[in-house]
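S.K.: Here is the input, now give the coordinates:
(one chain, ligands or ions: 1)
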Amino acid sequence: MAKKSNTKQTTVTPGFFTLLKEFFTNERTRFISGLIISFVTVYVGLSLISFFFTGGIDQSKIDNVPLGDLVLNKGSVSNWTGVRGAYLADLLMNRWFGISSFVILFFLGSLGAKLMNLNNVSLLRRFIFSATLLIWGSLFFAFVFLKGYEDTFIYLGGQHGYYLSEKMINNIGVPGTFLFILGTFLIIAVFCSKRTIPFLQKLFSFSWFRERFDRKKTSMSGTVEEESGDLIAEFDTEKELEEAESQFENKAPAEKTVRLTYADAIEEDSFEINVPQGEEVYESFAEPVRPSEVVDDVLFTIDVPTGDDDVYDGSSMGEYDPKLDLSQYRYPTTDLLKKYDVGDHQVDMEEQKANQTRIKTTLENFGINIASIKATVGPTLTLYEVIPEAGVRISKIRNLEDDIALSLSALGIRIIAPMPGKGTIGIEVPNKDPQIVSMQSVIASRKFQECKYDLPVALGKTITNEIYMFDLCKMPHLLVAGATGQGKSVGLNAIITSLLYKKHPSELKFVLVDPKMVEFSIYSEIERHYLAKLPDADKAIITDFTKVIQTLNSLCKEMDDRYDLLMKAHTRNIKEYNEKFIKRRLNPEKGHKYMPYIVVIIDEFGDLIMTAGKEIELPIARIAQKARAVGIHMVIATQRPSTNIITGTIKANFPARLAFRVSSMIDSRTILDSPGANQLIGRGDLLFSQGNDMIRVQCAFVDTPEVEQVASFIGSQQGYPTAFQLPEYVGENDGDKMPGAVDLSDRDPLFDEAARLLVIQQQGSTSLIQRKFAIGYNRAGRLMDQLEAAGIVGPFEGSKARQVLIQDEYNLERLLNSLK
Ligand SMILES: Nc1ncnc2c1ncn2[C@@H]1O[C@H](COP(=O)(O)OP(=O)(O)OP(=O)(O)O)[C@@H](O)[C@H]1O
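M.R.: Here you go, the predicted model:
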């Protein structure tokens, strides 16, 4: 029998250094420090500016006087910032770095702003940049203003600069120092801007000079030819032409060219002069013309079309920051959540011993002898791991489940025989005094805070008191089921809350469907931050059936649109796409945009299926099958886990299942494909299955007032002007205002896409449109009528497909443009 030492849990009081670290990382401390640094920066700035006007007068009072004496003498200096300011300005300007001391202010300003969360710059980079510029600037100014600096009250390079510059001149002479300063300047510029290298390459290759020269040459002959063209256009008769020629000869210096052009002109009736204008050619082509390509005065250029997305490179603008619009956004803090933990949770040794004895005697009564028994005490359950003596059949123990439950007089006993990965048999027994696992303890845990998942969900704690987390991105969709009152709503709130604590509003949007109308109403406050809705919807939280259907179809459209963008960007999933977009490798003018993850949460999904059937099931299945790569994830919850609700299609597409307590083993099988959920103890006790593994977790508890606090913390901050707009969805029965009449000004949103599809496939088939866009027959038929009215397809031909009247995409695009 395993001996258990008295495992009194102790609470660890945070040490001095932890408190100190907490103090300095605390947002308030950072803000106040930032504010102080900003004010100091302004003060130093004023002192430096004042120095230009008052430095001369103050010089005699400050020079060689210790600061202490100066302070006693206060009031006698003219600097606007008093004795200390005058002293500081003198120190920075004259004794240290001269005029480039202003760079220090630039760094201090950046530091202050960063601490106050006003910008997000890299301080290390700013520091290296500022320090380099400070030293270089001081040397530069000292070198430039070297002569007679001692006679002025202001040393523009500071003593540091003058010392350095004199030393360098002694060693490498004036030209050497000049080259050093220029060289270091260019190196700094190369590090600061990506355009420096191409600029320098152009400069050093003297191509600018040749270009100018060539342009000048071209424009000279251009002017001449242009003038000749005009003249010829104006004077038709030969006589007039002769007159013109004589006029022209007087004007034109480049005789030979002109005469040739003239001869050509007279021979051909219609005369056109194409004058290549140097500058225009240079600008309108992606690549400048290299001198080697100018052969015999014929300008030969290669046009590289920039239409392909791959070619776009906006990296010179720096990285795109999706959080910039809400750069001031503050993530919710953990103090908004309640601490339920009672502190030092004491293991009830008596209970443990009694349970062990009972398990042992019950098993012995049935002829099963035990070699050892070990207990692991979780927040709500204790796991007893039993090793039976050799020769005992496992199925025998499994069959005794009810008898052991009876002898322990406890509900919710679950026997795991054998424990996967361990050579033991597990018996889970609920504790008499279950602990609440607070959302606060889970969110504040290091594991959650440091986790790098894309969509992290902190579900609760396992039997071994470990935080259990998963990445919703990897699931990729989740089915939640459980009888009423067993903790489903709390579970959904825990999922939403975890995501709110980790994701910025620009990175995540929720679509919340709440037929009960009460569960998600608390989230209405975060509509402009985190919610997505249809363009014409009043509220983002969807409570009525028709809107659910529209929203799901709209999500299908969003999914298709995202796939299109992914395809154009040659990326495989949303992560790669967003990375490419952030690096500005995708052109926003071509429709590319940063894609937030979309998490669709549907509560009481059973009610929806019962009411709307396939209309709901099909879009859900479509999204579940395809949407993972484009960052759309679904969590659907039901309290009726029957087969007509959790259908085969739904089950096949939701590999991750979360089961709270259900009333029967059949329900448990419907959700998890195995029994177990019927033996849970309720109040957030759940089984989480991800394909083959199954784990028992105590769901974190988050109460409505806590969620309200988090929502109002977010809601009180600046948000986007509106909720995230989902694409417009035209329903199957919408839009049929006048049967038979086709109004091309009111085209279906899929019109252009459908036209392209038919022209590419050269097949005028309604069912092709239906299949490709997953729309009903009515809508596809209406689209076909519109395509016919626009002259893209021919008339209806019975069972045969319609004829496609446009042969290629080029003509189609022209037609589509003309319809706009
Ligand atoms: N994780 C948990 N820890 C402790 N208690 C919990 C937990 N989850 C739920 N409970 C308790 O169970 C009650 C019911 O939970 P909840 O409202 O989530 O049930 P439900 O399954 O959503 O019910 P319904 O389907 O009727 O809405 C809560 O009020 C709370 O007292």
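
S.K.: Tell me the spacing between G378 and S674.
M.R.: Here the criterion is Cβ to Cβ, to the nearest Å. By it, G378 lies 21 Å from S674. Yep, even glycine has a C-beta here, placed from its N, CA and C like the rest.

S.K.: Next: L726.
M.R.: Distance from L726 to S674, by Cβ to Cβ: 37 Å.

S.K.: Q717: which element?
M.R.: Assigned by DSSP states H and E, Q717 falls within no helix or strand.

S.K.: leaving aside the residues next to it on the chain, what's closest to L750?
M.R.: Of all residues not flanking L750 in the chain, F773 sits nearest, at 5.5 Å (Cβ to Cβ, 6 or more residues apart in numbering).

S.K.: residues in contact with the one you found?
M.R.: D560, L750, E753, A754, A780 (Cβ atoms under 8 Å, 6 or more residues apart in numbering).

S.K.: Pipe the residues you listed into a markdown table and attach pLDDT and distance to K61 per row.
M.R.: Converted to a markdown table, the contacts of F773 look like this (pLDDT from 0 to 100; distance: Cβ to Cβ, whole Å):
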| residue | pLDDT | distance to K61 |
| --- | --- | --- |
| D560 | 91 | 77 |
| L750 | 87 | 81 |
| E753 | 89 | 80 |
| A754 | 91 | 85 |
| A780 | 85 | 90 |
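
S.K.: By neighbour count, which of those residues wins?
M.R.: A754 (26 neighbours; other Cβ atoms under 10 Å).

S.K.: That residue: helix or strand, and which one exactly?
M.R.: helix 751-761.

S.K.: Can you name the element that comes right after that helix?
M.R.: Next in sequence after helix 751-761, counting helices and strands by DSSP H and E, comes helix 766-773.

S.K.: got the angle for that next one vs helix 751-761?
M.R.: Helix 766-773 runs at 110 degrees relative to helix 751-761, counting by axes from the mean of the first three to the mean of the last three Cα atoms, to 10 degrees.

S.K.: If you count neighbours, what's buried in helix 766-773?
M.R.: Of the residues in helix 766-773, T766, L768, I769, Q770, K772, F773 count as buried by neighbour count, 16 or more other Cβ atoms under 10 Å.

S.K.: try stretch 317-328
M.R.: Y320, P322, L326.

S.K.: Let's have the residues you listed in TSV, adding pLDDT and distance to Q698.
M.R.: Rendered in TSV, the data for those read as follows (pLDDT from 0 to 100; distance: Cβ to Cβ, whole Å):
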residue	pLDDT	distance to Q698
Y320	84	41
P322	88	35
L326	88	35
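
S.K.: Make JSON lines out of those residues and add secondary structure.
M.R.: Formatted as JSON lines, the buried residues of stretch 317-328 follow (DSSP: H, G, I helix; E, B strand; the rest coil):
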{"residue": "Y320", "secondary structure": "coil"}
{"residue": "P322", "secondary structure": "coil"}
{"residue": "L326", "secondary structure": "helix"}
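
S.K.: so which of those residues also contact the ligand?
M.R.: Among these, no residue sits close to the ligand (Cβ under 6 Å from any ligand atom).

S.K.: where along the stretch 251-400 of the chain do the helices fall?
M.R.: With DSSP state H, counting those that start in this stretch, the ranges of helices along the stretch 251-400 of the chain come out as 255-267, 278-284, 349-365, 394-399.

S.K.: where among these is the average confidence lowest?
M.R.: Comparing mean pLDDT across those, the lowest value falls on helix 278-284: a mean of 32.

S.K.: who does the strand or helix carrying I49 touch, helix- and strand-wise?
M.R.: Using DSSP H and E, I49 sits in helix 27-62. Secondary-structure packing of helix 27-62 (3 or more Cβ pairs under 8 Å, 6 or more residues apart in numbering; DSSP states H and E): helix 82-90, helix 102-115.

S.K.: per-residue pLDDT, the residue of the stretch 551-700 of the chain found nearest the ligand?
M.R.: The minimum distance from the stretch 551-700 of the chain to the ligand, using Cβ to the nearest ligand atom, falls at G684 (2.2 Å). Here, the pLDDT recorded for G684 equals 93.

S.K.: so how many other residues sit close to the nearest residue to L363 once chain neighbours are set aside?
M.R.: Of all residues not flanking L363 in the chain, I370 sits nearest, at 6.0 Å (Cβ to Cβ, 6+ apart). Neighbour count of I370, defined by other Cβ under 10 Å: 18.

S.K.: wait, doesn't I370 sit right on A390?
M.R.: No - judged on Cβ atoms under 8 Å, I370 makes no contact with A390 at a distance of 11.5 Å.

S.K.: which parts of stretch 648-655 are buried?
M.R.: Neighbour-count burial for stretch 648-655, counted by 16+ other Cβ under 10 Å, picks out T649, I650, N653, F654, P655.

S.K.: now stretch 559-577
M.R.: Residues M559, D560, R562, L565, L566, K568, A569, T571, I574, Y577 are the ones in stretch 559-577 that count as buried (16+ other Cβ under 10 Å).

S.K.: Kindly report the same for stretch 443-459.
M.R.: Buried residues in stretch 443-459, counting neighbours by 16+ other Cβ under 10 Å, are found at I443, A444, S445, F448, C451, Y453, D454, L455, P456, V457, A458, L459.

S.K.: before we move on, back to that, which residues does the residue of the stretch 551-700 of the chain closest to the ligand contact?
M.R.: When the contact criterion is Cβ under 8 Å, 6+ apart, the partners of G684 are T380, V437, G460, Q486, G487, V490, G491, F660, Q698, C699, A700, F701.

S.K.: what's the closest non-adjacent residue to N355?
M.R.: Here the residue nearest N355, using Cβ to Cβ, 6+ apart, is V429, at 5.7 Å.

S.K.: tell me, how many neighbours does the one you found end up with?
M.R.: 25.

S.K.: Surely it is in a strand?
M.R.: Yes - under three-state DSSP, V429 falls within a strand.

S.K.: Give the residue from L726 and S674 that has the larger number of neighbours.
M.R.: The residue with more neighbours, out of L726 and S674, is L726; 22 against 13, by other Cβ under 10 Å.

S.K.: Find the residue closest to that one in space, skipping its chain neighbours.
M.R.: S554 (4.4 Å).

S.K.: Pull the contacting residues for the residue positioned nearest the centre of the chain.
M.R.: Nearest residue to the geometric centre of the chain (Cα atoms, centre = their mean): E507, 4.3 Å. For E507, the contact set (Cβ under 8 Å, 6+ apart) comprises P322, K323, P596, Y597.

S.K.: phi, psi of it?
M.R.: phi -100, psi -10 (degrees, to the nearest 10).

S.K.: From the contacts of G684, which shows the smallest pLDDT?
M.R.: Within the contacts of G684, pLDDT reaches its minimum at T380, with 88.

S.K.: Can you verify my assumption that that one contacts D685?
M.R.: Yes - the criterion here is Cβ under 8 Å, and T380 meets it with D685 at 6.2 Å.

S.K.: Overlap of the contact sets of the two?
M.R.: Joint contacts of T380 and D685 (Cβ under 8 Å, 6+ apart) are P430, Q698.

S.K.: List the contacts of T704.
M.R.: N493, I522 are the contacts of T704 under Cβ under 8 Å, 6+ apart.

S.K.: Output the below-cut-off pLDDT ranges for the stretch 51-200 of the chain.
M.R.: 64, 67, 70-75, 120, 148-151 (pLDDT under 70).

S.K.: and it, which residues reach the ligand?
M.R.: Residues of the stretch 51-200 of the chain lying near the ligand (Cβ under 6 Å from any ligand atom): none found.

S.K.: now the strands: where do they sit in the stretch 51-200 of the chain?
M.R.: Assigned by DSSP state E, counting those that start in this stretch, the stretch 51-200 of the chain shows no strands.

S.K.: what residues go with each domain of the protein?
M.R.: As assigned by automatic domain parsing, the chain contains the domains 24-202, 207-299, 349-430, 439-725, 744-819.
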